[in-house]
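In: predicted model, plus sequence, below.
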Amino acid sequence: MKLIDLSHTIIPDMFQWPGDNQPLKIHRHSVHGPDSHMSSSLEFGCHVGTHIDGSLHFLDGQPALHEISVDRFAGRALIVDATASGADSSQPSHLLVDLLSGQGLADIDFVLFHTGWDRFWGQDNYYRHWPWIDGQLAVFLAEHDLKGVGLDTPSLDRVGDSEAHDRCAAAGMINIENLTGLKSLSESVVNFMAVPLKLHKTEASPVRAVAWL
(Lines give C-alpha, C1' and ligand atoms only; values in the text may rest on other atoms or scores of the structure.)
Protein backbone atom coordinates (compact mmCIF):
# COMPACT_ATOMS: atom_id res chain seq x y z
CA MET A 1 0.00 0.00 0.00
CA LYS A 2 1.40 3.39 -1.00
CA LEU A 3 0.40 6.42 1.05
CA ILE A 4 0.31 9.79 -0.70
CA ASP A 5 1.01 12.81 1.49
CA LEU A 6 -1.44 15.69 0.90
CA SER A 7 -0.06 18.00 3.61
CA HIS A 8 2.15 21.07 3.67
CA THR A 9 5.20 20.93 5.93
CA ILE A 10 4.90 23.04 9.07
CA ILE A 11 7.99 25.24 9.39
CA PRO A 12 8.90 28.06 11.80
CA ASP A 13 7.40 31.44 10.91
CA MET A 14 5.48 30.02 7.94
CA PHE A 15 2.88 32.34 6.48
CA GLN A 16 -0.67 32.05 7.78
CA TRP A 17 -4.15 33.43 7.26
CA PRO A 18 -3.88 37.25 7.10
CA GLY A 19 -4.59 38.67 10.53
CA ASP A 20 -3.64 35.52 12.43
CA ASN A 21 -0.93 36.83 14.72
CA GLN A 22 -0.16 33.62 16.60
CA PRO A 23 3.55 32.98 15.98
CA LEU A 24 4.57 29.60 14.68
CA LYS A 25 7.68 28.40 16.47
CA ILE A 26 9.48 25.09 16.75
CA HIS A 27 11.64 25.42 19.86
CA ARG A 28 14.70 23.19 20.06
CA HIS A 29 15.45 22.68 23.73
CA SER A 30 18.28 20.22 23.33
CA VAL A 31 20.19 18.44 20.57
CA HIS A 32 22.10 15.17 20.32
CA GLY A 33 25.29 15.14 22.36
CA PRO A 34 27.31 12.99 24.76
CA ASP A 35 24.83 13.64 27.58
CA SER A 36 21.72 14.82 25.73
CA HIS A 37 19.13 13.92 23.14
CA MET A 38 16.93 15.98 20.81
CA SER A 39 13.92 17.56 22.50
CA SER A 40 11.54 20.09 20.93
CA SER A 41 8.30 21.93 21.61
CA LEU A 42 5.72 23.61 19.40
CA GLU A 43 3.92 26.94 19.45
CA PHE A 44 1.26 27.56 16.82
CA GLY A 45 -2.39 28.35 16.14
CA CYS A 46 -4.87 25.56 15.51
CA HIS A 47 -5.55 26.67 11.92
CA VAL A 48 -1.97 26.52 10.67
CA GLY A 49 -0.94 24.69 7.51
CA THR A 50 -3.04 21.76 6.29
CA HIS A 51 -5.73 21.63 8.95
CA ILE A 52 -9.23 20.56 9.89
CA ASP A 53 -12.06 22.89 10.86
CA GLY A 54 -14.62 21.15 13.01
CA SER A 55 -18.22 22.35 12.98
CA LEU A 56 -17.52 24.12 16.30
CA HIS A 57 -15.42 26.65 14.38
CA PHE A 58 -18.56 28.36 13.03
CA LEU A 59 -21.46 26.87 15.02
CA ASP A 60 -21.84 27.13 18.78
CA GLY A 61 -22.83 24.01 20.66
CA GLN A 62 -21.12 21.59 18.30
CA PRO A 63 -18.66 18.94 19.56
CA ALA A 64 -15.03 19.87 20.06
CA LEU A 65 -12.37 17.84 18.27
CA HIS A 66 -11.70 15.58 21.24
CA GLU A 67 -15.40 14.61 21.28
CA ILE A 68 -15.61 13.56 17.62
CA SER A 69 -15.27 9.85 16.85
CA VAL A 70 -12.01 9.14 15.04
CA ASP A 71 -13.84 7.34 12.24
CA ARG A 72 -15.25 10.71 11.14
CA PHE A 73 -11.80 11.61 9.84
CA ALA A 74 -11.36 8.74 7.39
CA GLY A 75 -13.25 7.24 4.46
CA ARG A 76 -13.67 7.21 0.70
CA ALA A 77 -12.94 10.50 -1.04
CA LEU A 78 -14.04 11.72 -4.45
CA ILE A 79 -11.35 13.82 -6.16
CA VAL A 80 -12.95 16.56 -8.26
CA ASP A 81 -10.94 18.30 -10.96
CA ALA A 82 -11.67 21.99 -10.45
CA THR A 83 -8.46 23.30 -12.03
CA ALA A 84 -10.38 25.42 -14.51
CA SER A 85 -11.72 27.42 -11.56
CA GLY A 86 -8.27 27.97 -10.05
CA ALA A 87 -6.41 29.12 -13.10
CA ASP A 88 -5.86 32.77 -12.21
CA SER A 89 -5.05 34.71 -9.03
CA SER A 90 -5.85 38.12 -10.56
CA GLN A 91 -9.62 37.89 -10.16
CA PRO A 92 -12.16 36.13 -7.94
CA SER A 93 -13.39 32.66 -8.90
CA HIS A 94 -15.77 30.20 -7.35
CA LEU A 95 -16.64 26.52 -7.50
CA LEU A 96 -20.09 25.73 -8.91
CA VAL A 97 -22.42 22.81 -8.26
CA ASP A 98 -21.96 21.81 -11.92
CA LEU A 99 -18.60 20.32 -10.90
CA LEU A 100 -20.53 17.45 -9.31
CA SER A 101 -22.96 16.97 -12.18
CA GLY A 102 -23.40 13.26 -12.78
CA GLN A 103 -21.31 12.28 -9.76
CA GLY A 104 -22.80 9.67 -7.47
CA LEU A 105 -22.07 10.39 -3.82
CA ALA A 106 -23.92 7.46 -2.25
CA ASP A 107 -20.75 5.70 -1.07
CA ILE A 108 -18.55 8.81 -0.73
CA ASP A 109 -17.48 10.26 2.63
CA PHE A 110 -15.37 13.22 1.47
CA VAL A 111 -15.30 15.46 -1.58
CA LEU A 112 -11.85 16.95 -2.28
CA PHE A 113 -11.55 19.74 -4.83
CA HIS A 114 -8.32 19.88 -6.82
CA THR A 115 -8.08 23.50 -7.97
CA GLY A 116 -4.30 23.65 -8.39
CA TRP A 117 -4.18 26.59 -6.01
CA ASP A 118 -1.45 24.93 -3.93
CA ARG A 119 1.04 26.05 -6.58
CA PHE A 120 0.84 29.50 -4.97
CA TRP A 121 1.73 28.20 -1.49
CA GLY A 122 4.27 30.51 0.15
CA GLN A 123 3.41 33.42 -2.15
CA ASP A 124 1.37 36.50 -1.28
CA ASN A 125 -1.26 35.73 -3.91
CA TYR A 126 -2.11 32.42 -2.18
CA TYR A 127 -4.44 34.51 -0.01
CA ARG A 128 -5.87 36.51 -2.93
CA HIS A 129 -8.89 35.45 -5.01
CA TRP A 130 -8.64 31.72 -4.33
CA PRO A 131 -11.50 29.52 -5.68
CA TRP A 132 -14.25 29.27 -3.10
CA ILE A 133 -17.41 27.18 -2.76
CA ASP A 134 -20.54 29.03 -3.87
CA GLY A 135 -23.90 28.80 -2.10
CA GLN A 136 -25.56 26.20 -4.32
CA LEU A 137 -22.56 23.89 -4.15
CA ALA A 138 -22.44 24.27 -0.36
CA VAL A 139 -26.14 23.31 -0.13
CA PHE A 140 -25.55 20.29 -2.39
CA LEU A 141 -22.64 19.06 -0.28
CA ALA A 142 -24.50 19.57 3.00
CA GLU A 143 -27.45 17.51 1.72
CA HIS A 144 -25.42 14.39 0.93
CA ASP A 145 -24.51 13.03 4.36
CA LEU A 146 -20.77 13.56 3.87
CA LYS A 147 -18.15 13.45 6.59
CA GLY A 148 -16.33 16.39 5.11
CA VAL A 149 -15.08 18.52 2.23
CA GLY A 150 -11.53 19.57 1.41
CA LEU A 151 -9.68 21.96 -0.87
CA ASP A 152 -6.14 22.94 -1.79
CA THR A 153 -7.04 26.56 -0.96
CA PRO A 154 -7.03 28.65 2.26
CA SER A 155 -10.78 28.43 2.87
CA LEU A 156 -14.14 27.12 1.72
CA ASP A 157 -15.35 30.73 1.63
CA ARG A 158 -14.11 33.98 0.16
CA VAL A 159 -12.86 36.66 2.53
CA GLY A 160 -15.68 38.17 4.57
CA ASP A 161 -18.16 35.36 3.87
CA SER A 162 -19.02 32.19 5.79
CA GLU A 163 -21.91 30.55 3.91
CA ALA A 164 -20.05 27.36 2.97
CA HIS A 165 -18.61 27.02 6.48
CA ASP A 166 -22.02 27.62 8.03
CA ARG A 167 -23.82 25.06 5.87
CA CYS A 168 -21.14 22.42 6.33
CA ALA A 169 -21.10 23.03 10.09
CA ALA A 170 -24.87 22.65 10.32
CA ALA A 171 -24.51 19.30 8.52
CA GLY A 172 -21.87 18.13 11.00
CA MET A 173 -19.14 18.09 8.36
CA ILE A 174 -15.46 18.79 8.83
CA ASN A 175 -13.48 20.99 6.45
CA ILE A 176 -9.93 20.21 5.39
CA GLU A 177 -8.13 23.32 4.12
CA ASN A 178 -4.69 23.93 2.58
CA LEU A 179 -4.40 20.47 1.07
CA THR A 180 -1.64 19.94 -1.48
CA GLY A 181 -0.64 17.35 -4.07
CA LEU A 182 -4.13 16.34 -5.18
CA LYS A 183 -2.89 16.37 -8.77
CA SER A 184 -0.78 13.29 -7.97
CA LEU A 185 -3.90 11.17 -7.47
CA SER A 186 -4.55 9.23 -10.64
CA GLU A 187 -7.94 7.85 -9.59
CA SER A 188 -11.16 9.74 -8.97
CA VAL A 189 -12.02 7.84 -5.76
CA VAL A 190 -9.38 7.14 -3.11
CA ASN A 191 -9.14 6.17 0.53
CA PHE A 192 -8.50 9.28 2.60
CA MET A 193 -7.57 10.15 6.17
CA ALA A 194 -6.93 13.46 7.93
CA VAL A 195 -6.75 12.85 11.67
CA PRO A 196 -6.40 15.88 13.96
CA LEU A 197 -4.64 16.08 17.28
CA LYS A 198 -7.01 15.21 20.12
CA LEU A 199 -7.09 18.76 21.45
CA HIS A 200 -9.41 19.50 24.36
CA LYS A 201 -12.27 21.92 23.63
CA THR A 202 -10.82 23.17 20.34
CA GLU A 203 -12.40 23.74 16.94
CA ALA A 204 -9.44 23.03 14.67
CA SER A 205 -6.11 21.23 14.38
CA PRO A 206 -3.26 20.74 11.93
CA VAL A 207 -3.40 17.31 10.27
CA ARG A 208 -1.25 14.94 8.24
CA ALA A 209 -3.66 14.27 5.40
CA VAL A 210 -2.97 11.14 3.34
CA ALA A 211 -4.59 9.16 0.55
CA TRP A 212 -4.07 5.65 -0.72
CA LEU A 213 -5.44 3.87 -3.77
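Out: Thanks, I have the structure now.

In: can you list the low-confidence ranges for this protein?
Out: Residues of the chain meeting the criterion pLDDT under 70: 86-90.

In: strands along that one, start to end?
Out: Ranges of strands in the chain, per DSSP state E, are 3-5, 25-30, 39-43, 51-53, 74-81, 94-95, 110-114, 132-133, 148-151, 174-177, 189-196, 204-212.

In: nearest to residue 17, of those strands?
Out: strand 174-177 (9.4 Å; CB to CB). All C-beta spots, glycine's among them, are computed from the backbone N, C-alpha and C.

In: so which of the strands of the chain gets nearest residue 103?
Out: Nearest to residue 103 among the strands of the chain is strand 74-81 (6.5 Å), distances taken as CB to CB.

In: show me what the closest one packs onto, helices and strands only.
Out: Here strand 74-81 touches strand 110-114, strand 189-196, going by 3 or more CB pairs under 8 Å, 6 or more residues apart in numbering; DSSP states H and E.

In: dump the strands of the chain to TSV, plus distance to residue 163.
Out: As requested, these are exported to TSV (distance: least, CB to CB, whole Å):
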stretch	distance to residue 163
strand 3-5	31
strand 25-30	34
strand 39-43	33
strand 51-53	14
strand 74-81	19
strand 94-95	11
strand 110-114	16
strand 132-133	8
strand 148-151	13
strand 174-177	13
strand 189-196	23
strand 204-212	19
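
In: any chance of the ones you listed in JSON lines, plus distance to residue 122 and mean neighbour count?
Out: Formatted as JSON lines, the strands of the chain follow (distance: least, CB to CB, whole Å; neighbours: other CB atoms under 10 Å):
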{"stretch": "strand 3-5", "distance to residue 122": "17", "mean neighbour count": "14"}
{"stretch": "strand 25-30", "distance to residue 122": "17", "mean neighbour count": "11"}
{"stretch": "strand 39-43", "distance to residue 122": "20", "mean neighbour count": "10"}
{"stretch": "strand 51-53", "distance to residue 122": "16", "mean neighbour count": "25"}
{"stretch": "strand 74-81", "distance to residue 122": "23", "mean neighbour count": "18"}
{"stretch": "strand 94-95", "distance to residue 122": "23", "mean neighbour count": "20"}
{"stretch": "strand 110-114", "distance to residue 122": "19", "mean neighbour count": "24"}
{"stretch": "strand 132-133", "distance to residue 122": "20", "mean neighbour count": "28"}
{"stretch": "strand 148-151", "distance to residue 122": "17", "mean neighbour count": "27"}
{"stretch": "strand 174-177", "distance to residue 122": "16", "mean neighbour count": "24"}
{"stretch": "strand 189-196", "distance to residue 122": "21", "mean neighbour count": "20"}
{"stretch": "strand 204-212", "distance to residue 122": "17", "mean neighbour count": "21"}
